[in-house]
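*Asks:* Coordinates for the following, if possible.
(2 chains)
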Amino acid sequence: MIPQDYLGLAFFSMLCCFWPLGIAAFYLSQKVLQLQQTFDSSLEKPQFPGASAEFVDQLEFIQPNVISGIPVYRVMDRQGNIINPSQDPQLSKETVLNFYQKMTMLNTMDRILYESQRQGRISFYMTNYGEEGTHIGSAAALDPNDLVFGQYREAGVLMYRGFPLDHFMAQCYANADDLGKGRQMPVHYGSKDLNFVTISSPLATQIPQAAGAAYAVKRENTNRAVICYFGEGAASEGDAHAGFNFSATLECPLIFFCRNNGYAISTPTNEQYRGDGIAARGPGYGMLSIRVDGNDVFAVYNATKEARRRAVAENQPFLIEAMTYRIGHHSTSDDSSAYRSVDEVNYWDKQDHPISRLRHYMTARGWWSEDDERSWRKQSRKTVMEAFERAERRLKPNPELLFTDVYQEMIPSLNKQRESLWRHVQQYKENYPLDLYEK
Amino acid sequence: ALIYLLKYPYLACLRPTQKMNLFQSITSALDNTLASDPTAVIFGEDVAFGGVFRCTVGLRDKYGKDRVFNTPLCEQGIVGFGIGVAVAGATAIAEIQFADYIFPAFDQIVNEAAKYRYRSGNMFDCGNLTIRAPWGCVGHGSLYHSQSPEAFFAHCPGLKVVIPRSPIQAKGLLLSCIADKNPCIFFEPKILYRAAVEQVPEDPYTIPLSQAEVLQEGSDVTLVAWGTQIHVLKEVASMAQEKLGVSCEVIDLQTILPWDIETVCKSVVKTGRLLISHEAPVTGGFASEISSTVQEECFLNLEAPISRVCGYDTPFPHIFEPFYIPDKWKCFEAIKKMINY
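*Replies:* Numbers count the residues shown, from 1 in each chain, chains lettered A, B, ... in the order given. Below is the predicted model:
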């Protein structure tokens, strides 16, 4: 069946009718021809709409390469020496000192809040030990207006952006200063002002959401990017596959930042995936991908900076897999000695830590001395302790806040429930810890 | 005519109306939205060419491929993406091809969309999200093209669930859902897409959410339903009047969550008898919530046990559909039993 292309009719109208009409008809018939691409089976190239490739006549399965996988980009060696000077981002002393101070402040806050959970002062906590480089390096490469979707182990991004210690503490203590109004477990931070979307417990749900946000941000035309953090465990969720595929097909200015820290609670990576990590999945979605040394804050910075630049300029997603190690337990509900050796943990703590690598870089340039280290440790600990004590003293939010923000407006049925709770509490008040809460 | 206009004030005399079926009234609502809200985008499987039920015909050509676009085949992605669009401040209208396929998105809807505002202390929300899906039996849909899953979502605070019975209602309720600052799920009775035809105003208008509509007043029995089943109950009301001399009050709930407790209770206080009917399986179906609340509020007014005429506790069958559905004979028989209790 030869497809109708109206060419004959076009010629007829050119010759026998009004000739400008004929020319227009001829032009339109060519357009129709373009749309109805003729398939020529005599050509030796596959015609399938689903893939663009050559034929091959040898039966061979593609071998996934996991022995020699995607290489790990780094700028510094484990001792903090620059390997290839062209890759040194040559950041100012002020900037590098800020990186160091943010990473160490995070570390100090983690120690104190972990301890406070052990003492029963807060209900739960998750530390960021070993992954500080991934937070600070990537946060520094972004614009403050870029929207951040996180998983739960990215507190350093918030810290870098200037989230006050009082707000971190308020959320963990769920006190009346909590921006989240005391509704979520500790470390579920959020900040509208700092463009950090509130953390939620279900894993990987943020991944397709980040794609949607990036799409909306693209349409706004304000040169904003979106970054989406997740762990290598969360990358196994269906939502991760959905997010990757949507961001690529819908051309979103989005950076996917995977913290591959070796464990998802007790599950090591060899039980999480069989392929070459997360970076190798990117090309499967048509996405530009890179693997970096997550403990090298400059490598993280360089990769994120370039990914951001291109994501916004070219409206396409980028996948960064930052290799690192989770030095701490998964959370205060976990004791990782049950599934890994203390030696393994000590290796990373002592021999390949983002904070010490950066410190070596700084001391080699004479930017940081033993005295600086001592006084900074003392000062940062004091600052954290002061915020901690303030948070301890603060009352919890008014229990009215149990009932608000379910919908934008209060609905009649919920209002009735609220009134019923108040009548009940009035009657049985000695059984409710009212003194701990604001009136 | 005056009574008609008083009842439907949004059909003010001088408004131009057009004969539209249900899918066309949806297209009209979406057209109005894309015209007035530059941030609005419509997406889902196959919406670009017009959609498998033709609800989005012409919109891509009119408003551009960045505003009306196909997504990959992935419901959890569609809803997750929609949440992200809404969180970034744009109006997101997500289409799920059949309500039967909404379940992969259940986590995103229940754990994320519904809880976004509450958990963030009102810093973030996805009030700009509306999810639309074809719903209900269609004669031959069987297990996976006939479901009415409203009960699963009715159990989730933070969501709104809305079901129209006709083209005029559909356009007004959909526009309300889109305008509403909470995530809404809008189920469209697919059997009515072509079958229901009305004169629908071309201009935008809204019908309030969480307000049930009393379609006809009566004194002996209150009949409550939503979507397609309203048309069944209207017929049953005529049958009851004719054959039993029983006067039925017919109420269209329209919004399942949050539902209009006041209107239903006010009616039951008057009539003393309540029948609720839906296609979804009876156990745990939304009729059980209505029944439970009404007996709490109107216990002493009840003359007979509350009756539920619903689908059986089976998956929705193919060849057995005529036996499965809560048809007018089953509803009629239930009224008879209530009257004679």
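
*Asks:* immediately after the longest helix along chain A, which helix or strand?
*Replies:* In chain A, taking DSSP state H as the definition, the longest helix is helix A:93-118. Helices and strands here follow DSSP states H and E; after helix A:93-118, the next one along the chain is helix A:132-141.

*Asks:* Quick check: which helices or strands does that following helix pack against?
*Replies:* If you count contacts as 3 or more C-beta pairs under 8 Å, 6 or more residues apart in numbering or on different chains; DSSP states H and E, helix A:132-141 packs onto helix A:93-118, helix A:155-161, strand A:254-260, helix A:297-314, strand A:318-323, helix A:354-364. Every C-beta, even on glycine, is put in place using the N, C-alpha and C of the backbone.

*Asks:* Which stretches in the stretch 201-341 of chain B count as helices?
*Replies:* B:229-244, B:261-271, B:286-298, B:321-324, B:328-339 (DSSP state H, counting those that start in this stretch).

*Asks:* got it, and the stretch 151-300 of chain A?
*Replies:* A:155-161, A:165-173, A:206-220, A:238-249, A:269-272, A:297-314.

*Asks:* follow-up on the earlier one: can you give me the buried ones in the longest helix of chain A?
*Replies:* Neighbour counts using 16 or more other C-beta atoms under 10 Å in any protein chain shown place A:96-97, A:99-100, A:102-110, A:112-114, A:116-117 of helix A:93-118 among the buried residues.

*Asks:* Run the angle between it and helix A:132-141 for me.
*Replies:* 130 degrees (axes from the mean of the first three to the mean of the last three C-alpha atoms, to 10 degrees).

*Asks:* Quick one: mean pLDDT for helix A:93-118?
*Replies:* Helix A:93-118 carries an average pLDDT of 98.

*Asks:* What is it packed up against?
*Replies:* helix A:132-141, helix A:155-161, helix A:165-173, helix A:354-364, helix A:370-393.

*Asks:* That one vs helix A:354-364, what angle?
*Replies:* Using the same axes, to 10 degrees: helix A:93-118 against helix A:354-364 is 150 degrees.

*Asks:* could you give the angle of helix A:93-118 to helix A:370-393?
*Replies:* Using the same axes, to 10 degrees, helix A:93-118 lies at 40 degrees relative to helix A:370-393.

*Asks:* how about the residues of the stretch 1-150 of chain B near chain A?
*Replies:* B:39, B:41, B:66, B:69, B:71-72, B:74, B:76-77, B:79-90, B:92, B:104, B:107-108, B:111-112, B:115-125, B:127 (C-beta under 8 Å from any C-beta of the partner chain).

*Asks:* Buried subset of the residues you listed, written for PyMOL?
*Replies:* Buried residues within these, by 16+ other C-beta under 10 Å, are selected in PyMOL with:
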select buried, chain B and resi 39+41+69+71+74+76+77+79+80+81+82+83+84+85+86+87+88+90+92+104+107+108+111+112+115+116+117+118+119+120+121+122+123+124+125+127
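
*Asks:* quick one: which of the residues of the stretch 1-150 of chain B next to chain A sit in strands?
*Replies:* Residues of the residues of the stretch 1-150 of chain B next to chain A located in strands (DSSP state E): B:V41, B:F69, B:A92.

*Asks:* Show the contacting residues for B:A133.
*Replies:* B:E95, B:I96, B:Q97, B:F98, B:A99, B:Y101, B:I102, B:I185, B:F186, B:F187, B:E188 (C-beta atoms under 8 Å, 6 or more residues apart in numbering or on different chains).
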